[in-house]
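K.L.:
Predicted structure and sequence below. I'll ask about it afterward.
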Amino acid sequence: MIKRPAPQKVRLRRTMMFMNAQKPGLIKDAYIYGSDSIILDLEDAVAENQKDAARFSLYNALKSVDYGDTEVIVRINGLDTPHWQEDIRCVVAAGADGIRIAKCESAQDVLTVEAHVLAAEREFGVEEGRTLLMAALESPKGILNAYEIVSASARMFGCAISGGDFRKSMHVQIQEGGIEMLTARGQMLLAARAAGVMCFDTMFPNIDDMETFKQEVIQNHKMGFDGKSIVSPKQIQFVHDTFAPTQKEIAYAEKLVRSFDEQADSGVGVYTVDGKMVDIPFFEDARRIIALAKACGVYKGDL
Ligand SMILES: CC(=O)SCCNC(=O)CCNC(=O)[C@H](O)C(C)(C)COP(=O)(O)OP(=O)(O)OC[C@H]1O[C@@H](n2cnc3c(N)ncnc32)[C@H](O)[C@@H]1OP(=O)(O)O
Ligand SMILES: O=C([O-])CC(=O)C(=O)O
Ligand SMILES: [Mg+2]
């Protein structure tokens, strides 16, 4: 039996790759592709009459496969279905790192899931609090309630917008530049940052259209997301490359960090580095960039 280390609330989650939990051939070695997280799906990828088979496959995979550093999240069925309670028991018994609450719309949804997770942890002798939560916001109501949702539980590590269901609710299709979801993306980002949790963009379904996918990933990064839901291994590398700081950004951040103590010691609070004004927030952001570069494995310096 595989014993997994305790999951972390903050870690790299540039890519969270979906796969159908019912397919042993897909989930048994999904870690080899190198996404930061995998999402074993019990919800929409699984046909209604295959939910039991999917849970069975998921449980056995988690009990027998060593996923190494890859985080294992399970997307459970929505709270308006007859499946979610058994999903939670299965996921907790199997020892997954976390649960993605599909179609989450309120703090009450989170509290309901949390209560059932705790009961399952007690039932199966799993350490209390071990199973993390994240919320998928898939409707206007979910987006409008984003802050109360992500603040509802100490287990909550982040939220993701879900474009398929969200666009359906808004009667829109994918548009150039993502204009159809810009407001919702922005609102969710604000809520996540205000609550101090991570924030992920939706999956991009057109697997063969790598050009549009890349434009979306670049926009996600510029907007401040921590990562993205994905549906194919083909989508991993570009997201990882885009979300890692560039060597130019790292060099500037290093310069800033090195100069800061020196300037502060000589009584200077605001000054310029390479012609750009900097003070405390710039310094703190430089530290974040260096920490991210280290986590992404692209830092070569000695700070
Ligand atoms: C709106 C929503 O709810 S999205 C969330 C639910 N959706 C999902 O879970 C779908 C996830 N994606 C998939 O299942 C698949 O990518 C599909 C069905 C869309 C396409 O599958 P394929 O046609 O086999 O894709 P493709 O030919 O590019 O696959 C190449 C290889 O990557 C593997 N692969 C593809 N997608 C995935 C994935 N998501 N996870 C793990 N492995 C994958 C394939 O098994 C194949 O492996 P092989 O070469 O050893 O046979
Ligand atoms: O969470 C996601 O990105 C996938 C999904 O369910 C949706 O798009 O509706
Ligand atoms: Mg959905």
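P.N.:
Received the coordinates, thanks. Residues are numbered from 1 along each chain as shown. Ligands and ions are numbered 1, 2, ... in the order given.

K.L.:
going forward, measure contacts between C-alpha atoms and count neighbours the same way
P.N.:
OK.

K.L.:
residue contacts, residue 158?
P.N.:
133-135, 150, 192, 197-200 (Cα atoms under 8 Å, 6 or more residues apart in numbering).

K.L.:
Assign a three-state SS to it, would you?
P.N.:
Using DSSP: H, G, I helix; E, B strand; the rest coil, the structure places residue 158 in strand.

K.L.:
Give the burial count for the closest residue to it other than its chain neighbours, as a bare number.
P.N.:
Leaving out its chain neighbours, the residue that sits closest to residue 158 by Cα to Cα, 6 or more residues apart in numbering is residue 198, at 4.2 Å. The burial metric for residue 198, expressed as a neighbour count using other Cα atoms under 10 Å, is 24.

K.L.:
Flag the shaky bits of the chain, pLDDT-wise.
P.N.:
1 (pLDDT under 70).

K.L.:
Name the residue most distant from the centre of it?
P.N.:
The C-alpha centroid of the chain is most remote from residue 266, which lies 41.9 Å away (Cα atoms, centre = their mean).

K.L.:
could you check the distance from that residue over to ligand 1?
P.N.:
Using Cα to the nearest ligand atom, to the nearest Å, one obtains 55 Å as the distance from residue 266 to ligand 1.

K.L.:
who touches the closest residue in space to residue 253 that isn't next to it in sequence in this structure?
P.N.:
The shortest distance from residue 253 to any non-neighbouring residue, by Cα to Cα, 6+ apart, is to residue 286 (4.5 Å). Contact criterion Cα under 8 Å, 6+ apart gives 253-254, 256-257 as the residues in contact with residue 286.

K.L.:
ok, and of the residues you listed, which contact ligand 1?
P.N.:
Near ligand 1, taking Cα under 6 Å from any ligand atom as the test, no member of the contacts of residue 286 is found.

K.L.:
just those residues now: which is nearest ligand 1?
P.N.:
Nearest to ligand 1 out of the contacts of residue 286 is residue 253 (Cα to the nearest ligand atom; 35.5 Å).

K.L.:
wait, residue 228 sits on residue 214?
P.N.:
No: contact criterion Cα atoms under 8 Å: residue 228 and residue 214 do not qualify, at 11.7 Å.

K.L.:
More neighbours: those two, which one.
P.N.:
residue 228 (28 against 16).

K.L.:
That one - that's part of a strand, no?
P.N.:
Yes: under three-state DSSP, residue 228 falls within a strand.

K.L.:
Identify the residues contacting it.
P.N.:
Under the criterion of Cα under 8 Å, 6+ apart, the contact list for residue 228 reads 13-16, 160, 200-203, 217, 220, 239.

K.L.:
Distance of it relative to residue 203?
P.N.:
Counting by Cα to Cα, to the nearest Å, the gap between residue 228 and residue 203 amounts to 7 Å.

K.L.:
For ligand 1, what's the nearest residue on the stretch 51-200 of the chain?
P.N.:
Going by Cα to the nearest ligand atom, ligand 1 is nearest to residue 164 of the stretch 51-200 of the chain, at 5.0 Å.

K.L.:
could you say which helix or strand contains that residue?
P.N.:
Secondary structure here is read from DSSP states H and E; on that basis residue 164 sits in helix 163-170.
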